[in-house]
Structure formats: structure tokens, C-alpha cells
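Requesting a structural model of the entry that follows:
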Amino acid sequence: MTTVLLISEVGPGDEGGRAEKLASRASWLESEGVETVFGTVSEPYTVTALPSLFGLLWLGRRSDVDLVTSVSNPFHLQVIGYLVSRLLGVPWLVEFRDPMVENPDRDPDALLTKLARPVERLAVTRAEQVIWGDGIQLEDDYFERTYGVESDRVRKLPFHGYDPAAFESDPAAFDDFTITYAGSFYDGWIEPYRFVEGLDRYVGDARGDDLRVQFYGDWSDDYQRAVDQAGLADVVETRDFVPHDELVPVLQGSDVGLYVGGTDPRNRLNVPSKIWDYVGARIPMLAIVDPDFRVAKLIERHGLGIVADPRDPSAIADAIEAIRTGDWEYDPGEEVFERFTRQSKMEAYATVINDVMERQ
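Numbers count the residues shown, from 1 in each chain. Here you go, the predicted model:
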């Protein structure tokens, strides 16, 4: 059994989707002969970084770890991962959960981006192995083109996928036709205004009876103002983030999973994790996203939902109608659900770990 010290900003017992994914990862990797020991570095990082370093060293020695893996973002975790691995004398595996430098959610000229550049170079050139997940916003040749590293030094893992064991609960019961969005919005980049316009068009055409739209996540006053001005307050309901195990029955009981991807080119390559929750819940997706974006092509190719151009409110309204009336049929095929389980990524992850250990 190989023991890995995984450094992240959250642990498996914390709230949120990322914590759930870490817990699921540990379970899958254990079945592949890899034990995961979690070490967290919490905010505010300027205060916690140094104490966390000593705590991680103590944890690594106590657990007799064979390998250190650090997960970014935040990117500074890679500096801590480097120091811990060197002080423990074990190999270092770097994981990109998001881009460090080419992060579309950050200004390219911002101080944080400038600080991230040398950290990314350190990670890519000094780690024994670098891995990144399919679906984050990087071109396939980014590392080789930017740092001149050999292609086998950096490996792309399969899509994150969903954990079938997390979707064994009983679905919630809703009286109305229910559309559910679960996740974050990003100011000036990914926001729900275009969907609200399409929903307004749908309801205004007298097609909105017995319709419920639920948003779970960070909902702003500006978003609510748009809903109120459109006269949709009786249709749209908002809730705070809830633990993943509470969200799953809601998704399973919903008729549609809503994805809002917008038209900003920064989102062109993104395939977010909420997609896999919708797949795991086995509900069709309504994707409000540029049809040329990668996630749109993925959804259409595998019959997972309908893509509606955010610039066309009528297209959004018609997509709701098509799913609701059955004019568009949701039937991806069992092979699609088998392909996108989390097991595929974890098997590849375990292979990388074993390869790193064999090279030592």
C-alpha cells in the first residue's frame, strides 16, 4: 500500500463539492492500493502557511508517507507541497485542479497572476510528475509549449466524472416541473441574466404554469432584481449552498439540470464539475452556453441535454418547452453513464502514482 499526503485547502469532512470529491477520491484510490492522508492549509494563507508547513511535516512523518501531492488552486499550495516533499525526502506529484497562470477568473496583469508564474514554473520543472484533469481550461500542449517539458512528464487524466455511490439516495418529490441550478456564478463572466431573459420569454408565452426554477449557491441582489423586474419571483426560488449529500436528492428529483456557461471566450474549454452531478442524477441538461464551446459539444455529442445560445432568448424558451413536452427525448444510453464514472479518472490517477513510485 502506497501512502500519499494530499495537500489541499479543504479536507474531506468540510462542506462543499470539492470536499465531497476528495472523500470520494480517497475511497476510490484505496481500492487501487493507495492510502490518502489529508493535510489542509486554510485561509488566511499569509497567517496559516508557516504553521501549516510544520503541521504537514509532522503529519507526513507520523504517517510515513511515500509521496506528497499538492492540489492547486490556490497556487501557493504548490510551494508548500515542494517544501514538504523535499524536507520529507519523498517524491512530489503536482495536480492542477485549475490553471495557475492562465486562470480565466483572474486578470492576466493582476499581482496574483504575476506571483503565480514562478510558482507554476517551479511546479512544472521540479515535480517528479505533473497531472491535470481533462475539462480544465488549458490547451493540450500548454505545458510543453510554455516550459519545454517532455510530454511524458505531464499527464492529462480523464474527466472527473461522477461517483455512482453518491447517487443511491431516494429522489426528492416536486409537484411542479423543476429546473435546478447548483453552483457558483462569477461577476462579469458567468451570470444568469440571459437565462432569466429566456425564462421570461417562456413564461410570457403562457407556458410557465406549474414551473419551478431553483438556484442553489451564491445568488446576488442584482440577480434577484433581474428576476423581480421580469415578474418571475413566483417561479424562481433561491437557496444557499448545501452539502453534496443533501443536494443529490434535489437533483435526482428535478426534471432539468441548468448549466450557464455564457459566451465569454475565457470559458471556451471549461467542462465544470456540476456537469457530472447532472449526469450522475440522470437528468437532462439545459446548457445556456455558446454552441461552439467544448462543454456544448460534449453535451450534444452524448445526448445529455439541449444547448441554447445565450444570445437568443427564444432559443432558451424553446429548449425548455422541448424538454418539458418530450419533443426532445433524453436517452443517452447506458454506455455514456459507464464512461463518465469517477472510477476512470481514479484508475488513471493510481497508475500515475505507481509509475512515480517505480521510478524512485
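
can you give me the strands for the stretch 51-200 of the chain?
Ranges of strands in the stretch 51-200 of the chain, per DSSP state E, counting those that start in this stretch, are 67-72, 92-96, 129-133, 154-157, 177-183.

what's the angle between the third one and strand 67-72?
Just to be clear, that refers to strand 129-133. With axes from the mean of the first three to the mean of the last three CA atoms, to 10 degrees applied, the angle from strand 129-133 to strand 67-72 works out at 40 degrees.

just the second one next, same as before
Here the directions of strand 92-96 and strand 67-72 differ by 20 degrees (the same axes, to 10 degrees).

quick one, helices of this structure?
With DSSP state H, the ranges of helices along the chain come out as 17-31, 45-63, 77-88, 111-126, 142-147, 193-202, 221-229, 244-253, 274-281, 294-301, 313-325, 334-339, 342-359.

now those helices in a markdown table, with distance to Arg97?
Using the backbone N, CA and C atoms, a C-beta is placed for each residue, glycine as well. Formatted as a markdown table, these follow (distance: least, CB to CB, whole Å):
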| stretch | distance to Arg97 |
| --- | --- |
| helix 17-31 | 8 |
| helix 45-63 | 16 |
| helix 77-88 | 10 |
| helix 111-126 | 12 |
| helix 142-147 | 15 |
| helix 193-202 | 27 |
| helix 221-229 | 26 |
| helix 244-253 | 17 |
| helix 274-281 | 14 |
| helix 294-301 | 17 |
| helix 313-325 | 31 |
| helix 334-339 | 21 |
| helix 342-359 | 12 |
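
Ok, which of those helices comes nearest Pro104?
Proximity to Pro104 (CB to CB) singles out helix 111-126 among the helices of the chain, at 11.1 Å.

Identify each buried residue in that closest one, please.
Thr113, Ala116, Val119, Glu120, Ala123, Val124 (16 or more other CB atoms under 10 Å).

Looking at pLDDT only, which of those residues scores worst?
The lowest pLDDT within those belongs to Thr113, with 81.

Ignoring the adjacent residues along the chain, who's closest to it?
Arg106 (5.5 Å; CB to CB, 6 or more residues apart in numbering).

pretty sure that neighbour is in contact with Leu112, am I right?
Yes - contact criterion CB atoms under 8 Å: Arg106 and Leu112 qualify, at 6.0 Å.

Tell me the spacing between the spatially most central residue of the chain and Ser70.
The residue lying closest to the centre of the chain (CA atoms, centre = their mean) is Ser273, at 3.0 Å. Ser273 sits 19 Å away from Ser70 when distances are taken as CB to CB, to the nearest Å.

got it, and Glu102?
Counting by CB to CB - Glu102 and Ser70 are separated by 19 Å.

out of those two, which sits in the busier spot?
The neighbour comparison of Glu102 against Ser70 (other CB atoms under 10 Å) goes to Ser70, with 28 against 19.

contacting residues around the more buried one?
By CB atoms under 8 Å, 6 or more residues apart in numbering, the residues touching Ser70 are 6-8, 77-78, 80-82, 84, 92-95.

which ones are touching Leu247?
Leu247 neighbours (CB under 8 Å, 6+ apart): Ala182, Tyr216, Asp277.

just Tyr259 next, same as before
181, 272, 274-275, 278, 285-289, 295, 299, 305.

Kindly report the same for Leu5.
For Leu5, the contact set (CB under 8 Å, 6+ apart) comprises Val37, Gly39, Leu56, Leu59, Gly60, Ser63, Val65, Leu67, Val68, Thr69, Val84, Leu88.

Quick one: buried ones out of these?
Buried residues within the contacts of Leu5, counting neighbours by 16+ other CB under 10 Å: Val37, Gly39, Leu56, Leu59, Gly60, Val65, Leu67, Val68, Thr69, Val84, Leu88.

I'd like to know how far the residue lying closest to the first one once chain neighbours are set aside sits from Ala350.
The shortest distance from Val37 to any residue other than its chain neighbours is 4.6 Å, reached at Ser63 (CB to CB, 6+ apart). According to CB to CB, Ser63 stands 18 Å off from Ala350.

Mind putting the contacts of Leu247 into CSV with neighbour count?
CSV is the format used below for the contacts of Leu247 (neighbours: other CB atoms under 10 Å):
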residue, neighbour count
Ala182, 25
Tyr216, 19
Asp277, 25
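
Out of those residues, which is nearest to Leu258?
Nearest to Leu258, judged by CB to CB, of the contacts of Leu247 is Ala182 at 8.5 Å.

what's the nearest residue to that closest one if we skip its chain neighbours?
Using CB to CB, 6+ apart and skipping residues adjacent in sequence, the residue nearest Ala182 is Tyr216, 4.5 Å away.

what do you get for Arg311?
Of all residues not flanking Arg311 in the chain, Thr263 sits nearest, at 6.6 Å (CB to CB, 6+ apart).

Let me know how buried the one you found is, in neighbour terms.
Counted with other CB under 10 Å, Thr263 comes out at 17.

Please list all residues in contact with it.
Neighbouring residues of Thr263 by CB under 8 Å, 6+ apart: Val289, Asp290, Pro310, Arg311.

Return the members of the residues you listed classed as buried.
Val289, Asp290, Pro310.

Tell me how far the last one lies from Gly262.
This points to Pro310. Relative to Gly262, Pro310 is positioned 6 Å away (CB to CB).

just Phe159 next, same as before
On the measure of CB to CB, Phe159 and Gly262 end up 21 Å apart.

Equivalent analysis for Gln360, please.
Taking CB to CB as the criterion, Gln360 is separated from Gly262 by 45 Å.
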